[in-house]
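[1] model this:
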Amino acid sequence: MFIVYRVCFILILFGFLFLAGCVQSGDLVAATNLPAPTLTVATEPPEAQPTTPGESDYYYYVDGVRVSLTPSFDWVSVKFVSDDPLLQADVLNNFGNLLMPLDQALNIPLPPVTLLRLREGIAPQEFADLLDVMRQDKNGFLQAAPVFYAEDVDLVMTDEFIAAFPAGISQLEIDEVNSRQGVELVKPVLGQENTFVLRVTDVRTRDALSMANWYQESGLVLHAAPNFLRIKTK
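    Residues are numbered from 1 along each chain as shown. Alright, predicted model coming up:
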């Protein structure tokens, strides 16, 4: 049995309040009075790179503070190109004993994502290599991403993240930033000016975690964080 919670992050006052998750019913983000940085930067920040597995390499931001993420080496999150279980099983055959059979996978309906169980005792470097190969397999996968531990649940990346742009920035400027990064606007967060759910259009090369971190570190937004799913796998 597993329970899925839709998580987004609450953008809040620059002080003692911090980002928190919200449940399936909608996107709830508190107001912020941070000074507005400009979207015009002297040097364009480097392009976001895909996250690579390592014991201490993963992180995201909570109210501008960098927080480490602990990767799970029990699961990998994927979206298959095909919905046919027979074709999915054929894809898994290409990865030897690193991935367990499809009958041990967990299928999450909304948003659709599959958790594949990894071979017990897989080493971090083995997983790094596996993830790289899966991301390059364009005939097999639309997405391949790590899963992270968080207390008694696992955090699963989607292809979405949430970003709050400074007040007064025009929609045209926001659209231009998103377009340059291969990001599309999913929907605005109700009641929050210039705050949006965004989607990465090619998660095989740049996932939502690395993209959210890029937006945060570029100084172009007030806050950015992945739109994780919280999944209880046990």
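
[2] just the mean pLDDT for the helix ranked longest in the chain, thanks.
    Taking DSSP state H as the criterion, the chain has its longest helix at helix 124-136. Helix 124-136 carries an average pLDDT of 91.

[3] mind giving me the packing neighbours of whatever helix or strand comes next after that helix?
    Later in the chain than helix 124-136, the nearest helix or strand by DSSP states H and E is strand 141-150. Judged by 3 or more CB pairs under 8 Å, 6 or more residues apart in numbering; DSSP states H and E, the packing partners of strand 141-150 are strand 70-80, helix 124-136, strand 153-156. To be clear about C-beta, it is placed using only N, CA and C from the backbone, and glycine gets the same treatment.

[4] return the list of helices and strands in contact with the second one.
    The criterion is 3+ CB pairs under 8 Å, 6+ apart, and the helices and strands that helix 124-136 contacts are strand 70-80, strand 141-150.

[5] CSV please, covering the ones you listed and showing distance to residue 231, mean pLDDT and mean neighbour count.
    Below are the helices and strands packed on helix 124-136 laid out as CSV (distance: least, CB to CB, whole Å; pLDDT from 0 to 100; neighbours: other CB atoms under 10 Å):
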stretch, distance to residue 231, mean pLDDT, mean neighbour count
strand 70-80, 9, 92, 21
strand 141-150, 8, 90, 21
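
[6] any low-confidence regions in the chain?
    1-56, 204, 233-234 (pLDDT under 70).

[7] so which residues of it form helices?
    85-92, 124-136, 171-180, 208-218.

[8] deepest of the ones you listed, which one?
    helix 208-218 (a mean of 23; mean count of other CB atoms under 10 Å).

[9] tell me the angle that helix makes with strand 141-150.
    In terms of direction (axes from the mean of the first three to the mean of the last three CA atoms, to 10 degrees), helix 208-218 departs from strand 141-150 by 70 degrees.

[10] okay, helix 208-218 in PDB with CA atoms only?
    Listed next in PDB are the C-alpha coordinates belonging to helix 208-218 (Å, rounded to 0.1, in the frame of the first residue of the first chain):
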ATOM      1  CA  ALA A 208      12.700  19.900 -12.200                       C
ATOM      2  CA  LEU A 209      15.000  19.800  -9.200                       C
ATOM      3  CA  SER A 210      18.000  21.200 -11.100                       C
ATOM      4  CA  MET A 211      15.800  23.700 -12.900                       C
ATOM      5  CA  ALA A 212      14.200  25.000  -9.700                       C
ATOM      6  CA  ASN A 213      17.700  25.400  -8.200                       C
ATOM      7  CA  TRP A 214      18.800  27.300 -11.300                       C
ATOM      8  CA  TYR A 215      15.900  29.700 -11.000                       C
ATOM      9  CA  GLN A 216      16.700  30.300  -7.300                       C
ATOM     10  CA  GLU A 217      20.500  30.700  -7.800                       C
ATOM     11  CA  SER A 218      20.100  32.900 -10.800                       C
END
